[in-house]
Every structure is written in C-alpha cells, then in structure tokens.
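Engineer: Quick one, what's the 3D model for this:
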Amino acid sequence: MKIILLKDMKNIGKRDEVREVPDGYARNFLIPNGLAKQASASALNALGTKKADEAAHKRLAKQKAEAAAQKLSGKTFVFRLKTGDKGELFGSVSSRNIEEKILKEEHETIAATLPKHIKELGENKVRVNCGEGAETEVTIRIVAD
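Structural biologist: Residues are numbered from 1 along each chain as shown. Got it, this is the predicted structure:
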C-alpha cells in the first residue's frame, strides 16, 4: 500500500515522503496511530501543493536574508561607553549588544558572533549572520562618552 508519512519513522522514511509498505502494516499500525495516511490522488495533490509552498517560502526567506546582508554590508555602528581617566572602558560590547543595536537602527534581526567581548576603544570588524546562510561584515566603533 502506498502511504504518505505524517511523522519521521526510523527505517521507513521522513515526514511527507511517499512510501510503499505492506498493507497490514499500514492498516493495523501506521494509519491508526496517526503516523501515516493512505496516498490517495487528493492527498498526493495536497502534498505537492504543500511542498511547492514550502519551497517558495524558503526561497523568499533566502532572498530576504540576502537583502538584509547587502543592506548591512559595510555599515558602521557606534557605541558610546564610559571610560576612566586612562582610557580604560567601564564595560564591554557583547554580541547581544550588537544584535540589539542593529535591530533598533536597521530593523533587521541578525546573529552576531564574537570570540570575546570588545573591551577597547576603536573599530572592530564583526561577522553577522542574517539567516539562510547570508553573512556580512559590519564595523563596530567604540568611542568614549
């Protein structure tokens, strides 16, 4: 019997795959337990539509991420921090601070990765991930307040 899997099943397949299984296994176990449904013509059409919608959604998300990366590319974000008499910073800039600043100023949700907090005045290059594999580099400038 041809079935459409509703959940990932070890040794059978992944969700939304069409598989051929023995009739008894499908009727007595998979279908009653909500793990699969019979692959009728209407179910196969619905599955094709669902996969096309998911592909379009993924393509749109990738385009948005690439547009965000291009928009942020080469931008400079300034952080004003308090400093002591000798120029040492009171505090630091973390990846979370960078993410919040970009969200506030550019309205883009990103993930910044820093090996360690930035604790000196000056400019630093930081890689930011805009999602869907789109990355870019921004400049973080820390100035005394």
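Engineer: May I see the buried residues of the biggest helix by length in the chain?
Structural biologist: What stands out as the longest helix in the chain, according to DSSP state H, is helix 41-72. By 16 or more other Cβ atoms under 10 Å, the buried positions in helix 41-72 come out as 47, 65-66, 68-69, 72. Just so you know, the C-beta spots here come from the backbone N, C-alpha and C atoms, and that holds for glycine as well.
Engineer: repeat for stretch 95-112
Structural biologist: For stretch 95-112, a neighbour-count test (16+ other Cβ under 10 Å) marks 95, 97-99, 101-102, 108, 110, 112 as buried.
Engineer: what does stretch 82-97 give?
Structural biologist: So, applying 16+ other Cβ under 10 Å, buried residues of stretch 82-97: 83, 89, 93, 95, 97.
Engineer: ok, back up a step: the longest helix of the chain packs against which elements?
Structural biologist: Under the contact criterion of 3 or more Cβ pairs under 8 Å, 6 or more residues apart in numbering; DSSP states H and E, helix 41-72 touches strand 2-5, helix 95-106, strand 135-144.
Engineer: tell me how far it is from the chain's mean position?
Structural biologist: Averaging C-alpha positions (Cα atoms, centre = their mean, to the nearest Å) puts helix 41-72 14 Å from its chain's average.
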